[in-house]
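# Just a sequence and a predicted model for now, questions to come.
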Amino acid sequence: MAKITYIEHNGTVHEIDVKPGMTVMEGARDNGVPGIDADCGGACACSTCHVYVAQDWVDRLPAKDPMEEDMLDFAWQPDPVRSRLTCQIKVTEELDGLVVNLPERQI
């Protein structure tokens, strides 16, 4: 398991054990973390699972593919460095300790 920390915009912290092979989005959705809407179910067809990755994790994640880059254009206040779609981040044991901050809202 990898412990992923989701921090809501209001500061509420959710530490969730997520099984490797799942996505960061599925970990949030399956554990009722508010603020990850995942309207498209993980198909990278919306931006409602947008988060800001903690700065010290940015370079430790796989690079964004072009589809994710395109979808982030529709996210609420995207950050060119820290914004990611959680449906595109596969959980591995190396992601144990990952911290993501949820935006004020999803669009």
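Looks like it came in fine.

# Report pLDDT for Ile107.
The model reports Ile107 with a pLDDT of 89.

# OK, contacts around the residue most central in space within the chain?
Nearest to the mean C-alpha position of the chain, by Cα atoms, centre = their mean, lies Thr86 at 2.9 Å. By Cβ atoms under 8 Å, 6 or more residues apart in numbering, the contact set of Thr86 is Thr23, Val24, Met25, Ala28, Ile36, Ala38, Cys49, His50, Val51, Val100. C-beta here means a position set from N, CA and C on the backbone, and glycine is covered the same way.

# Pipe those residues into CSV and attach distance to Val81 per row.
Shown next, in CSV, are these (distance: Cβ to Cβ, whole Å):
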residue, distance to Val81
Thr23, 21
Val24, 17
Met25, 20
Ala28, 21
Ile36, 20
Ala38, 23
Cys49, 18
His50, 14
Val51, 13
Val100, 14
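
# Among those residues, which one lies nearest to Asp70?
Comparing those against Asp70 with Cβ to Cβ places His50 closest, at 13.0 Å.

# That closest one: neighbouring residues, count only.
Using other Cβ atoms under 10 Å, His50 is surrounded by 29 other residues.

# just to revisit the earlier point, tell me the phi and psi of the residue nearest to the centre of the chain?
Main-chain dihedrals, Thr86, degrees, to the nearest 10: phi -70, psi -20.

# just Glu93 next, same as before
Glu93 adopts backbone torsions of phi -60, psi -30, taken as degrees, to the nearest 10.

# where exactly do the helices run in the chain?
24-30, 66-72 (DSSP state H).

# Alright, I will stop here.
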